[in-house]
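**Student:** Take a look and give me a structure for this.
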Amino acid sequence: MVWRTIGWTGKLVCLPTLERRPFMIDQHGRNINKLRISLSEVCNMACTYCVTSLSDHKRSPEELNTDQILYLVRLLKDHAGIEKVRLTGGEPLLHPKVVNVISGINEIGIESIGLTSNGQLLARKAKALAEAGLKNVNISLDSLDPEKFKQMGRVGKLHRTLEGIEACLKHGLLVKINMVVVKGENENEIVKMLEYGVDRGVEVRYLELMAMGPLYKKDDFKLINMHEILRRISKKYSVQPVSADSDSTSLRYWVPGGFFGIIPNESAPFCSTCSRLRLTSDGQLIGCLSNPSPVSIRHLLNHADPEKALQKLVKKSISFKQDATFTGSSLVMSRVGG
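**Tutor:** Numbering: from 1, shown residues only. The predicted structure follows:
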């Protein structure tokens, strides 16, 4: 028997000790050890490939509070083998307690804590985020031209994102830039973005469009594929493929002075190496973007014996994972965490 707190409110009771299972392996043999948490579905930008308008971003009425998020993270770490956490949204920096969430996750013992942001609020928050235990930041930057930046994002200012990048570097955060390449909009900036990253020691990752949300089954799908990205870069620089982590979603390349990556959602889908589990802002697990069947774990917040129940629910969620090809979904990325 062991004394332990029950639920996110911390009531102390005596329970039998349960056997722990340190990891979750899906039906395709993948170790599912990464958790992406959508802190909120609210965002201060409205990128054209993500939503149809800014009003599409709506806060869930059942959004988890900080203590509830941390309780579920601890359960997923201790009883489902989660080792790495990335905070997403929406825009995670709009969450009023984002620094507390990061420090809490750090205290739980998660050593790899990342965040994905549009960078609009990073300049004034980078120092506090780093001090709380944040390790790395992926920053969305689709254009270095102010007008094009606003056209693609509908809202926001380029200089704020650029200032956010500089602030993150100043405070020791590992930065990667995510550039979604859209035909007829920003493909002419592929090389320019690479040079911007190399000059700062920052790895740029080019993302092929994903057939999700407003782009799902859309006839006018403005795809620039990985071969075109490589062709444009190779016209100016020597490019050599290099190894990436075994569960990486990105193909990685060397150029003189630095590295870049390509996330080929359409050309060479990363499904076979996917090790991610997603948690929505209202407490539902999403195991697969192509088959986003939600599995709620919110009720475990007040469950007297949550461990076995959690393991069953995680297994159910990851059972929806595909093994090869991303097939798209009508689900908006801010719902599940980009």
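
**Student:** For the closest residue to residue 104 other than its chain neighbours, give me the pLDDT.
**Tutor:** Spatial nearest neighbour of residue 104, chain neighbours left out: residue 70 (4.3 Å); criterion: CB to CB, 6 or more residues apart in numbering. Bear in mind the C-beta positions are built from the backbone N, C-alpha and C, glycine included. Per-residue pLDDT puts residue 70 at 98.

**Student:** Residue 70 contacts residue 109, doesn't it?
**Tutor:** No: between residue 70 and residue 109 there is no contact under CB atoms under 8 Å: 11.7 Å.

**Student:** In terms of neighbours, single out the busier of those two.
**Tutor:** Neighbour totals were compared for residue 70 and residue 109, and residue 70 leads with 19 against 10 (other CB atoms under 10 Å).

**Student:** what helices or strands is the host helix or strand of that one leaning on?
**Tutor:** Assigned by DSSP states H and E, residue 70 belongs to helix 66-80. If you count contacts as 3 or more CB pairs under 8 Å, 6 or more residues apart in numbering; DSSP states H and E, helix 66-80 packs onto strand 34-38, helix 98-108, strand 276-279, helix 306-318.

**Student:** mind running it again at 6 Å?
**Tutor:** Here helix 66-80 touches helix 98-108, helix 306-318, going by 3 or more CB pairs under 6 Å, 6 or more residues apart in numbering; DSSP states H and E.

**Student:** Can I get stretch 227-243 in CSV, CA atoms only?
**Tutor:** Provided in CSV are the C-alpha atoms of stretch 227-243 (Å, rounded to 0.1, in the frame of the first residue of the first chain):
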residue,chain,number,x,y,z
HIS,A,227,12.1,18.2,-54.6
GLU,A,228,11.3,21.8,-55.7
ILE,A,229,12.7,23.1,-52.4
LEU,A,230,15.9,21.1,-52.8
ARG,A,231,16.2,22.2,-56.5
ARG,A,232,16.1,25.9,-55.5
ILE,A,233,18.6,25.6,-52.7
SER,A,234,20.9,23.4,-54.8
LYS,A,235,21.1,26.0,-57.6
LYS,A,236,23.1,28.2,-55.2
TYR,A,237,24.6,25.9,-52.6
SER,A,238,26.1,22.5,-52.2
VAL,A,239,23.6,20.3,-50.4
GLN,A,240,24.3,17.0,-48.6
PRO,A,241,21.8,14.8,-46.8
VAL,A,242,22.7,14.1,-43.2
SER,A,243,21.3,11.8,-40.5
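
**Student:** list the buried ones in that stretch?
**Tutor:** By 16 or more other CB atoms under 10 Å, the buried positions in stretch 227-243 come out as 228, 229, 230, 232, 233, 237.

**Student:** Okay, now the unreliable bits of the stretch 1-150 of the chain?
**Tutor:** 1-22, 55, 57 (pLDDT under 70).

**Student:** all helices of it, in order?
**Tutor:** 66-80, 98-108, 122-132, 146-153 (DSSP state H, counting those that start in this stretch).

**Student:** follow-up on the earlier one: what's next to the helix holding residue 70, contact-wise?
**Tutor:** Here helix 66-80 makes contact (CB atoms under 6 Å, 6 or more residues apart in numbering) with 8, 24, 35, 82, 97, 100-101, 104-105, 108, 301, 306-307, 310-311, 314.

**Student:** now that helix against strand 34-38, angle please.
**Tutor:** Helix 66-80 runs at 160 degrees relative to strand 34-38, counting by axes from the mean of the first three to the mean of the last three CA atoms, to 10 degrees.

**Student:** Just the strands from the stretch 151-300 of the chain, written as ranges.
**Tutor:** For the stretch 151-300 of the chain, the strands defined by DSSP state E, counting those that start in this stretch cover 174-180, 203-207, 240-242, 251-255, 258-263, 276-279, 284-286, 295-296.

**Student:** can you redo those as a markdown table with mean pLDDT and distance to residue 118?
**Tutor:** Putting the strands of the stretch 151-300 of the chain into a markdown table (pLDDT from 0 to 100; distance: least, CB to CB, whole Å) gives the following:
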| stretch | mean pLDDT | distance to residue 118 |
| --- | --- | --- |
| strand 174-180 | 98 | 10 |
| strand 203-207 | 97 | 14 |
| strand 240-242 | 97 | 28 |
| strand 251-255 | 97 | 24 |
| strand 258-263 | 96 | 17 |
| strand 276-279 | 93 | 19 |
| strand 284-286 | 94 | 21 |
| strand 295-296 | 96 | 28 |
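
**Student:** Nearest to residue 122, out of these?
**Tutor:** strand 174-180 (9.6 Å; CB to CB).

**Student:** Listing partners with orientation, what would you give for the closest one?
**Tutor:** Here strand 174-180 has these sheet partners by DSSP bridges: strand 136-140 (parallel), strand 203-207 (parallel).

**Student:** Next, count neighbours for residue 121.
**Tutor:** The burial count for residue 121: 18, using other CB under 10 Å.

**Student:** The closest residue in space to it that isn't next to it in sequence: what's it in contact with?
**Tutor:** Residue nearest to residue 121 in three dimensions, not counting chain neighbours: residue 93, with 4.2 Å by CB to CB, 6+ apart. Residue 93 sits next to 117, 121, 125 when contact means CB under 6 Å, 6+ apart.

**Student:** Look up how far residue 86 lies from the second one.
**Tutor:** Counting by CB to CB, to the nearest Å, the gap from residue 121 to residue 86 is 17 Å.

**Student:** likewise the last one?
**Tutor:** According to CB to CB, residue 125 and residue 86 sit 16 Å apart.

**Student:** Noted, bye for now.
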